[in-house]
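In: Following is a predicted model, sequence given first.
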Amino acid sequence: MLLHAIDTGTGPGTVLLLHGMMGSSESWWRLIPPLTANGHRVIALDLPGHGLSERDPQLTIEQAAASVVETARHLAPGRPLAAIGHSYGASVLAASFEMLQPDLSVYVDAALSLTGGHDRAALTAQYARDRRARLSPKDLLASRPFYSAQDAEVEARAAALLDPATTASISCDTDHSWLPDAGSIVLRAEPSAWVSDDDARRFAANGADVRSIPGAAHTIWYSHFDAFTASLPELFGPPPPHALS
């Protein structure tokens, strides 16, 4: 399926953004302006079952990855491509790597593993409960004090649009695990509930550049925006000279 996208900015290269579970393309709202100001075109996708993208209660991680690749090729064929995936979105990025072949992959606070074999009805019901718990911006601010008011509004809208059956379906297949590609960047919170020190060592041994942000939340750019952008000078560094003239 072709996925819904926020597509903005101009430049010779494209940055593809893949949000985490229960998020949406809007989750990147603070990062899109500095990326476009730095001369990048930005394509932020709604993953299947999220935002305005289609639903599929039989979705697999492979199908989600294929949809990302199809959409990226449709919107930005043949362009230099960097990709940032957060949490679940990082797993989708890892699953799509061989097809997508990005010039730079950034995996944000993700163990790059997916536990399968879940009971479909039970997990769908759990995601429905999780969705209801995220519908109020006021409640999100209370539970996540590092959110701004707009962060809370964005994530509450994402929850309202979430399809629990599609979200649950990817965990009802087999187990999956990936290693970040050599030359990629793994950006994690420190300490991280998702990327252990052992994970970090495994990723580094495979050629990934593991970078940490002390004290950050799982959604690092919400809690530590300046540190997040400073940790990725490849994308957020000073614009090229022609962009300043």
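Out: That came through, no problem.
In: so how far is residue 11 from residue 34?
Out: Using C-beta to C-beta, to the nearest Å, residue 34 is found at 13 Å from residue 11. C-beta here means a position set from N, CA and C on the backbone, and glycine is covered the same way.
In: In contact with residue 75, which residues?
Out: Applying C-beta atoms under 8 Å, 6 or more residues apart in numbering, we find residue 75 in contact with 5, 7, 14, 43.
In: again, 7 Å this time
Out: Residues counted as contacts of residue 75 (C-beta atoms under 7 Å, 6 or more residues apart in numbering) are 5, 7, 43.
In: Ok, residue 43 next?
Out: Residue 43 touches 5, 7, 14, 16, 72, 75, 76, counting by C-beta under 7 Å, 6+ apart.
In: Would you report the backbone torsion angles of the first one?
Out: When you say that, I think you mean residue 5. Residue 5 adopts backbone torsions of phi -140, psi 140, taken as degrees, to the nearest 10.
In: Also the last one?
Out: Torsion angles at residue 76 (phi, psi; degrees, to the nearest 10) stand at phi -140, psi 60.
In: Check the fifth one too.
Out: Summarising the backbone geometry of residue 72 under the convention degrees, to the nearest 10, its torsions are phi -60, psi -40.
In: of residue 34 and residue 11, who's got more company?
Out: residue 11 (18 against 15; other C-beta atoms under 10 Å).
In: Return the residues in contact with that one.
Out: So residue 11 contacts 39, 40, 41 (C-beta under 7 Å, 6+ apart).
In: quick one: it and residue 194, what's the gap?
Out: 31 Å.
In: what's the neighbour count on residue 150?
Out: Other residues close to residue 150 by other C-beta under 10 Å number 12.
In: now, which of the contacts of residue 75 sits nearest residue 177?
Out: Ranked by distance to residue 177 (C-beta to C-beta), the contacts of residue 75 are led by residue 43 at 26.8 Å.
In: which neighbours does the helix or strand that closest one falls within have in its sheet, and in what orientation?
Out: Under the criterion of DSSP states H and E, residue 43 resides in strand 41-45. Strand pairing for strand 41-45, using DSSP bridges, gives strand 5-8 (antiparallel), strand 14-18 (parallel).
In: Which positions within the first one qualify as buried?
Out: Right, strand 5-8. 5, 6 (16 or more other C-beta atoms under 10 Å).
In: Give me the pLDDT for residue 11.
Out: With respect to pLDDT, residue 11 has a value of 87.
In: how close does it sit to residue 5?
Out: From residue 11 to residue 5 the distance is 16 Å (C-beta to C-beta).
In: So which residues make contact with the helix or strand encompassing residue 186?
Out: Element membership for residue 186, per DSSP H and E: strand 185-190. Strand 185-190 is contacted from outside by 106-109, 180, 195, 200, 203, 208-214, 216-218, 220, 231-232, using C-beta under 7 Å, 6+ apart.
In: Among those, which ones are in strands?
Out: 106, 107, 108, 209, 210, 211, 212, 213, 214 (DSSP state E).
In: Tell me the bridge partners for the second one.
Out: Here residue 107 shows beta-bridge partners residue 85, residue 186, assigned using DSSP bridges.
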